[in-house]
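*Asks:* Make a model of this:
(chains A and B)
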2 protein chains.
Amino acid sequence: MLEQSLEAARQGRQAALDELLELLSIPSVSALPDHDGDTRRACAWTADRLRRMGMKVEVAEVPGGRHPVISAEWLGRPGKPTLAIYGHYDVQPPDPLEEWRSPPFQPALREGRVYARGACDNKGQVLAGIKAAEYAFGAGGPPLNLRFFIEGEEEISGPSLPRFLRENAERLSTDYLLIADGEFTAPGLPNLLTGLRGLLYTEIVAQGAAADLHSGIFGGAVPNPLNTLAHVISALKGRDGHITIPGFYDDLVPPTAEEVESWRRVKDENTIRSLAGVRALEGEEGFSAVERTWARPTLDVHGIVGGFVGEGSKTVIPGRAKAKVSMRLVPAQDPGRIYESLQTYLETLETPGVALSLVKLGEAPPVLAGVDHPGIAAARRAFASSFGAEPVLVREGGSVPVTVDFQAALDPKLMLTGFGLPDDALHSPNEKMDVEQFHLGTEMVLHLMENLVAGGG
Amino acid sequence: MLEQSLEAARQGRQAALDELLELLSIPSVSALPDHDGDTRRACAWTADRLRRMGMKVEVAEVPGGRHPVISAEWLGRPGKPTLAIYGHYDVQPPDPLEEWRSPPFQPALREGRVYARGACDNKGQVLAGIKAAEYAFGAGGPPLNLRFFIEGEEEISGPSLPRFLRENAERLSTDYLLIADGEFTAPGLPNLLTGLRGLLYTEIVAQGAAADLHSGIFGGAVPNPLNTLAHVISALKGRDGHITIPGFYDDLVPPTAEEVESWRRVKDENTIRSLAGVRALEGEEGFSAVERTWARPTLDVHGIVGGFVGEGSKTVIPGRAKAKVSMRLVPAQDPGRIYESLQTYLETLETPGVALSLVKLGEAPPVLAGVDHPGIAAARRAFASSFGAEPVLVREGGSVPVTVDFQAALDPKLMLTGFGLPDDALHSPNEKMDVEQFHLGTEMVLHLMENLVAGGG
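*Replies:* The predicted structure follows:
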């Protein structure tokens, strides 16, 4: 059955590419109301593909959302696990237009690549999954139960998918979730994302005098919230990069030895230093730079509000100042617990004339996809069989909200990966997808379905 | 001779008041080009008064300036000291007009006060000096040599007077300088200003990455100039208010016991706390709040530039950040030496990935008028004889540039005081001058001239 579907995939390459070109010619820019009609068309086009292969398709309009969620279901293998495949049919705006070598919504083939907005992010990758399902249905049906969740608000962080998942969690139960919305680490080197950092974004408010004061008249006798904030920030993270909020490191789950080993192959200090454009890296001693960005929490000040920030000099002592401070969190730190701990700690950092308060501006829990569930093994073998390369295990320092939404609603075993390449120019002019990556991505999904069943799921 | 001039002053009160009303009706707003003609008229009016009493008057147009300097001279007492009297003929703009009870340039008498823009700042006060000189000339001539320096750019910090003094210092030699451009500490309580703090205003530039970075991707591995600046600022002044720049306190000249004692009568902690609107004062231990604002140096952050300061959250690690940091300096701290010391100290505060540099945005040396020269004694007795009250010795926490300019050019013994009252509303709507203060101010200057000679000066 796998052989048959793989054969169909190989025979169907030209037709699949034509379909990709057709989808890419729909300018489904979710951010631009002028393109709402196009975005609907891309939705309908995608839902139609899923319906045609025999899946039960729901196009869900979610209150408060702008573009519907496609939820497709085929539960024809009772007793077998359920795999869900995530993707999105919306794309980024194409600006700046003048930098495109060919128009962003007139897909162009050059040197084995298709150039168009959305080629890699995410139409080429979501279509690889759809085509794999189609071939599986053509060869007697997928070996497991199958779902698709394809949204139209990924590029605008819309509310539809999170709300749809939350409100329908019971009927959407899923064992495995494949998210293919990323890039290889290098050409020929696929990766699996085993963890994502979370985030706690706060504002520390320092309240001194009721109004701004003149430093000539009052300087030396009154509190200066900016000076206080400097002491507070210094007391949150030492010069050695160690964060000094009590209990901050209590719940850390260290990465596996295999992951740390794997990261060495991916990025060295010099690469990161050169990417960042700094004379020297900084951070916690005893951890490599890649470990610090992927598997260690951090604390950064993003801006300090208050007083005078124009050109020149003004001798104001601000009555109030605020520091925007975020923490990147790693498994299994809990943003809520860290927030409380910071709040309690701040009480000890006030100066006599400056009251401190804390505002939460955002939070996302860290995600641990794990390295030891059967989905990871299945995905590794699937990459080896399709692309002929073992994936490296990597993490990401940022958060991907959709993973959090899925975990909260369905708690599936995560397989986070991508079929793109590092030079695919996501969100930039001349975005592209290598045609071979698209086709082999399709084959990878076919292998994955088979492996999830063979592996006992 | 003194008795005769005092008698003339008493007889001439109505005429003097009429002259004040005449001068106040000229809208000499130096900041507004539309009023340049008026400002010239006020200059001519003033110069004419000085010329009429027999002084040699120069109306000096200074290259780069907007309004001329009046320099008047009478050196009829060889062997006697020379007293210069400073004042300015320009006024602040009168906005907001709708808040005036009577039009700002139609002087109105109500309850013994004259209401008009410039009534106290500085026309009422400078005219008190001019009238005193006029009465002295009428009674046989002043007992000492006399100068006036009356400028038209005080309210716009113009370059004319500093440049005129600098370029003509040799021919303008002066023993004593009276600056009456302030207010009593309280009704019935005159003051003498014995010191002014200086200022060193800097920008500390922290340079990390070549461009802003995303904290999801780089956070934990790269330097954050805002975090570094927090450590730097903390290392400049401790939570105890003690400034930790090496050598910062080396050159301090402590105030005299008499001054410290005198300050107790002027302002207590509660007054300052309530004026500032803070829940608690802060600052160096071991010094009263008034001492901290008048006779102790301080260090304040006025603003921190860099990163994201808008509403909400953005996870940027700025490539560069700057802190606006000023120091108020007291006698005999040298701004240049402090600047160098700070620069050297900063080198030790860099973090591996953040380079620090220092920019000087402004400086003014502290001014010590002194409490032990004969001018102070003469002024104290003059206040006692005219207003019937001993002045308190006070200082000011801000800098008054004109005092620095006079010290640099002529190095006179300074008598800094004022005939205004605390509720005179300088720079505000309904500015006023109490008519009695104006007349007694005239008498004070008559006594002062006499005392400077009698005291041996």
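*Asks:* Which elements pack onto the least confident helix or strand in chain A by mean pLDDT?
*Replies:* Sorting the helices and strands of chain A by mean pLDDT, DSSP states H and E puts helix A:257-264 at the bottom, at a mean of 88. Helices and strands touching helix A:257-264, by 3 or more CB pairs under 8 Å, 6 or more residues apart in numbering or on different chains; DSSP states H and E, are helix A:289-294, strand A:392-396. For every residue, glycine as well, the C-beta is placed using N, CA and C.
*Asks:* So what's the gap between it and the chain middle?
*Replies:* Computed by CA atoms, centre = their mean, to the nearest Å, the chain-centroid distance of helix A:257-264 equals 21 Å.
*Asks:* Contacts for it next, please.
*Replies:* With contact meaning CB atoms under 8 Å, 6 or more residues apart in numbering or on different chains, helix A:257-264 is reached by A:T194, A:S288, A:V290, A:E291, A:W294, A:A295, A:V371, A:V392, A:L393, A:V394, A:R395.
*Asks:* now swap in stretch A:92-106 and tell me
*Replies:* Residues contacting stretch A:92-106 (CB under 8 Å, 6+ apart): A:24-27, A:29, A:31-32, A:108, A:110, A:115-118, A:121, A:155, A:426-427, A:429-431.
*Asks:* Which ChimeraX command selects the buried ones in these?
*Replies:* Buried residues within the contacts of stretch A:92-106, by 16 or more other CB atoms under 10 Å in any protein chain shown, are selected in ChimeraX with:
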select /A:24,26,27,29,108,115,116,117,118,121,155,426,429,430,431
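*Asks:* of the contacts of stretch A:92-106, list those near chain B.
*Replies:* When the contacts of stretch A:92-106 are filtered against chain B using CB under 8 Å from any CB of the partner chain, no residues are retained.
*Asks:* Let's see which of the contacts of stretch A:92-106 end up in strands.
*Replies:* A:A108, A:R110, A:Y115 (DSSP state E).
*Asks:* I'd like to know how many residues surround whichever residue of the stretch 151-300 of chain A sits closest to chain B.
*Replies:* For the stretch 151-300 of chain A and chain B, the shortest gap (CB to the nearest CB) falls at A:G216, measuring 2.5 Å. Neighbours of A:G216 under the rule other CB atoms under 10 Å in any protein chain shown: 20.
*Asks:* where's it, which helix or strand?
*Replies:* A:G216 belongs to helix A:215-218 when assigned by DSSP states H and E.
*Asks:* Figure out how far stretch A:355-364 is from the centre of its chain.
*Replies:* For stretch A:355-364, the distance to the chain centre is 23 Å (CA atoms, centre = their mean).
*Asks:* what about stretch A:329-344 and chain B, any contact?
*Replies:* No: in terms of CB under 8 Å from any CB, no part of stretch A:329-344 sits within range of chain B; the closest distance is 9.6 Å.
*Asks:* What mean pLDDT does that stretch get?
*Replies:* If you average the pLDDT over stretch A:329-344, you get 97.
*Asks:* How far off centre is it?
*Replies:* 21 Å.
*Asks:* what does it contact?
*Replies:* Contacts for stretch A:329-344 (CB under 8 Å, 6+ apart): A:195, A:197-200, A:202, A:236, A:245-248, A:251-253, A:295-297, A:327, A:358, A:360, A:363-368.
*Asks:* ranges for the helices of the stretch 251-400 of chain A?
*Replies:* A:257-264, A:269-276, A:289-294, A:335-347, A:374-386 (DSSP state H, counting those that start in this stretch).
*Asks:* Would you mind telling me which of those is nearest B:D181?
*Replies:* With CB to CB as the criterion, B:D181 lies closest to helix A:335-347 of the helices of the stretch 251-400 of chain A, at 45.5 Å.
*Asks:* Domain parsing of chain A, as residue ranges.
*Replies:* Following automatic domain parsing, one gets these domains for chain A: A:2-195+A:367-454, A:200-252+A:297-364, A:256-296.
*Asks:* So which of the helices and strands packed on helix A:257-264 has the densest surroundings on average?
*Replies:* Most buried of those, by mean neighbour count (mean count of other CB atoms under 10 Å in any protein chain shown): helix A:289-294, with a mean of 25.
*Asks:* so for it, what's the average pLDDT?
*Replies:* On average, helix A:289-294 scores 95.
*Asks:* Please apply the same query to stretch A:145-163.
*Replies:* Per-residue scores along stretch A:145-163 average to 96.
*Asks:* And stretch A:55-70, by the same measure?
*Replies:* On average, stretch A:55-70 scores 97.
*Asks:* Which residues outside that stretch are in contact with it?
*Replies:* Residues contacting stretch A:55-70 (CB under 8 Å, 6+ apart): A:30, A:36, A:39-40, A:43-44, A:46-47, A:50-51, A:71-74, A:89-90, A:133, A:146, A:148-153, A:156, A:158-161, A:163-164.
*Asks:* again with stretch A:281-290
*Replies:* A:240-242, A:260, A:263-264, A:266-269, A:272-273, A:292, A:296, A:298, B:220-224, B:351-354.
*Asks:* same thing with stretch A:373-389?
*Replies:* A:176, A:178, A:188-190, A:192, A:194, A:369-370, A:390-391, A:413-415, A:417, A:440-441, A:443-448, A:451-452, A:454-457.
*Asks:* Which positions within stretch A:254-264 qualify as buried?
*Replies:* Using 16+ other CB under 10 Å as the burial criterion, the residues of stretch A:254-264 that qualify are A:P255, A:E259, A:V260, A:S262, A:W263.
*Asks:* picking up where we left off before, for B:V278, which of the domains of chain A is the nearest?
*Replies:* Nearest to B:V278, of the domains of chain A and by CB to CB, is domain A:200-252+A:297-364 at 4.7 Å.
*Asks:* Endpoints of stretch A:366-375, how far apart?
*Replies:* Terminal residues of stretch A:366-375 are spaced 20 Å apart (CA to CA, to the nearest Å).
*Asks:* what about that stretch, average pLDDT?
*Replies:* Mean predicted confidence for stretch A:366-375 is 91.
*Asks:* now stretch A:183-192
*Replies:* Rounded mean pLDDT across stretch A:183-192 is 95.
*Asks:* export it as PDB, just CAs?
*Replies:* The C-alpha trace of stretch A:183-192 is given here as PDB (Å, rounded to 0.1, in the frame of the first residue of the first chain):
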ATOM      1  CA  GLU A 183      12.900  25.000   7.000                       C
ATOM      2  CA  PHE A 184      15.700  22.500   6.900                       C
ATOM      3  CA  THR A 185      18.700  23.400   9.000                       C
ATOM      4  CA  ALA A 186      20.800  23.200   5.800                       C
ATOM      5  CA  PRO A 187      20.300  21.800   2.400                       C
ATOM      6  CA  GLY A 188      20.100  18.000   2.800                       C
ATOM      7  CA  LEU A 189      19.700  18.400   6.600                       C
ATOM      8  CA  PRO A 190      16.200  18.100   7.900                       C
ATOM      9  CA  ASN A 191      15.300  18.800  11.500                       C
ATOM     10  CA  LEU A 192      12.800  18.000  14.100                       C
END
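*Asks:* quick one: low-confidence ranges for chain A?
*Replies:* The model of chain A has pLDDT under 70 over residues A:455-457.
*Asks:* First residue to last residue on stretch A:212-230, what's the distance there?
*Replies:* End-to-end for stretch A:212-230, by CA to CA: 18 Å.
*Asks:* quick check, distance from that stretch to the centre of its chain.
*Replies:* 42 Å.
*Asks:* Repeat that for stretch A:218-232.
*Replies:* Here the centre of stretch A:218-232 is set off from its chain's centre by 39 Å, with CA atoms, centre = their mean.
*Asks:* Leaving out sequence neighbours, find the closest residue to the residue positioned nearest the centre of chain A.
*Replies:* Among the residues of chain A, the one closest to the centroid is A:V400, at 2.7 Å (CA atoms, centre = their mean). Spatial nearest neighbour of A:V400, chain neighbours left out: A:L196 (5.6 Å); criterion: CB to CB, 6 or more residues apart in numbering or on different chains.
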